[in-house]
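> Provided below are the primary sequence and the corresponding predicted coordinates.
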Amino acid sequence: MPQLSRHLLFWLMAWTFLGIPGTSHAEYFRQKESELDHELFRIDEKQFLGIKPEQDVVLIDQAGKSFKFGDMIGKPLVLVFSYYQCDGSCSAVNGEVIALLERVVKTMRAGEDYRVLTISFDKADTQETMTRFIDKLHIPPELKPGWTFARLADPARIKDVTGKTGFKFFWATQDKIFYHPNVAIILTNEGRISRYLYLQVNSTLDMQIALMEARQGEIKPHEFLNYAISLCYSYNYKEGRYTYNIPVFVGVGAFLFGISMLVVSVFYYKIRHKHKKEGSGI
């Protein structure tokens, strides 16, 4: 019996000193789950709205032709930063832009009323990766004339160019991908940043209003109805999209109520005056 107790004591000690450290060992090597703070990618819109990115930045388009960023100015510009070796979100981002613009095309034409420019922020991108990326997008024919894909002629300026717009990105070594915001940056026909559209929450209406705002009052006759509708909305910074412009509705309602009261008062005055004349026999 004493021998049995000694064996039991031995195994208890073995479990204590070997079992518990084994658990700690497993915890030590456990991979921490990736927790991205989305605030890292949030653009401080109030800091960058109205900023005019550098116009002399040299880019190379999908045909291998060099041009300056300023050459894209003169019409509202939808600017998208992506990288062409991206295997997921960048295609989705540009795909979302296609989806939004396909509906806008009924009133505004790509190339004629606005332009789209996708720029790579990856130094490793080449003409070949750009071509493969474009081929996978299947851009509709009506959007192709106004859409340019490009990479910087001097990759050393990438951080400088993206930083001027508030766009942030970083390389995740573990995941082997770039993390970046899924945003379309709208520039006015003067080349100033006028709106950021986060593609997860924005709709065709947001894109249409943002492009009309970027034209700075240059509204064509067939766009008047859409322009009038756009006045019913204002940009909500908290929600990151356009919402009903309550003050406009209150103002219009008060105006219509005032007009109605005036018409009723005039009508009532005429009726009363008529009855007075009939009563006095005049």
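That came through fine.
> shaky segments in the stretch 101-250 of the chain?
217-228, 246-250 (pLDDT under 70).
> who's in contact with the closest residue to Ala153 other than its chain neighbours?
Using C-beta to C-beta, 6 or more residues apart in numbering and skipping the chain neighbours, the partner closest in space to Ala153 is Val58 (4.1 Å). The way it works is simple: take the backbone N, C-alpha and C, and place the C-beta from them, glycine included. Counting by C-beta atoms under 8 Å, 6 or more residues apart in numbering, Val58 touches Ser66, Phe67, Lys68, Leu152, Ala153, Asp154.
> just the buried members of the residues you listed?
Applying 16 or more other C-beta atoms under 10 Å to the contacts of Val58, the neighbour count classes Leu152 as buried.
> so what does Ile185 have for phi and psi?
Backbone torsions of Ile185, given as degrees, to the nearest 10, read phi -100, psi 120.
> helices of the stretch 51-200 of the chain, residue ranges please.
Ranges of helices in the stretch 51-200 of the chain, per DSSP state H, counting those that start in this stretch, are 89-104, 127-137, 158-163.
> any chance of these in CSV, plus mean neighbour count and distance to Gln174?
Output for those, formatted as CSV (neighbours: other C-beta atoms under 10 Å; distance: least, C-beta to C-beta, whole Å):
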stretch, mean neighbour count, distance to Gln174
helix 89-104, 19, 17
helix 127-137, 15, 22
helix 158-163, 16, 22
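> closest one to Thr148 among the ones you listed?
Thr148 sits nearest to helix 127-137 of all the helices of the stretch 51-200 of the chain, at 10.3 Å, using C-beta to C-beta.
> elements contacting that closest one?
helix 89-104, strand 147-152 (3 or more C-beta pairs under 8 Å, 6 or more residues apart in numbering; DSSP states H and E).
> closest one to Lys52 among the ones you listed?
Smallest distance to Lys52 across the helices and strands packed on helix 127-137 (C-beta to C-beta): 18.1 Å, for strand 147-152.
> neighbouring strands - and their directions - for that closest one?
Each strand paired with strand 147-152, and its direction, by DSSP bridges: strand 58-61 (antiparallel), strand 115-120 (parallel).
> winner for burial among those strands?
Burial of the strands paired with strand 147-152 is given as mean neighbour count (mean count of other C-beta atoms under 10 Å); strand 115-120 ranks first at a mean of 23.
> what's the angle between that one and helix 89-104?
Here the directions of strand 115-120 and helix 89-104 differ by 180 degrees (axes from the mean of the first three to the mean of the last three C-alpha atoms, to 10 degrees).
> pull the residues that contact strand 115-120.
By C-beta under 8 Å, 6+ apart, the residues outside strand 115-120 that reach it are 59, 72, 75-84, 94, 97, 101, 110, 130, 143, 146-152, 161.
> swap in 6 Å and give it another go.
With contact meaning C-beta atoms under 6 Å, 6 or more residues apart in numbering, strand 115-120 is reached by 72, 75, 77-84, 146-151.
> repeat for stretch 142-159
The contact list for stretch 142-159 (C-beta under 6 Å, 6+ apart) reads 58-62, 101, 105, 110-111, 115-121, 123, 125, 130, 134.
> if we use 8 Å, what do you get?
With C-beta under 8 Å, 6+ apart as the test, stretch 142-159 has contacts from 57-62, 66-67, 72, 84, 98, 101-102, 105, 109-112, 114-123, 125-126, 130, 133-134, 139, 161.
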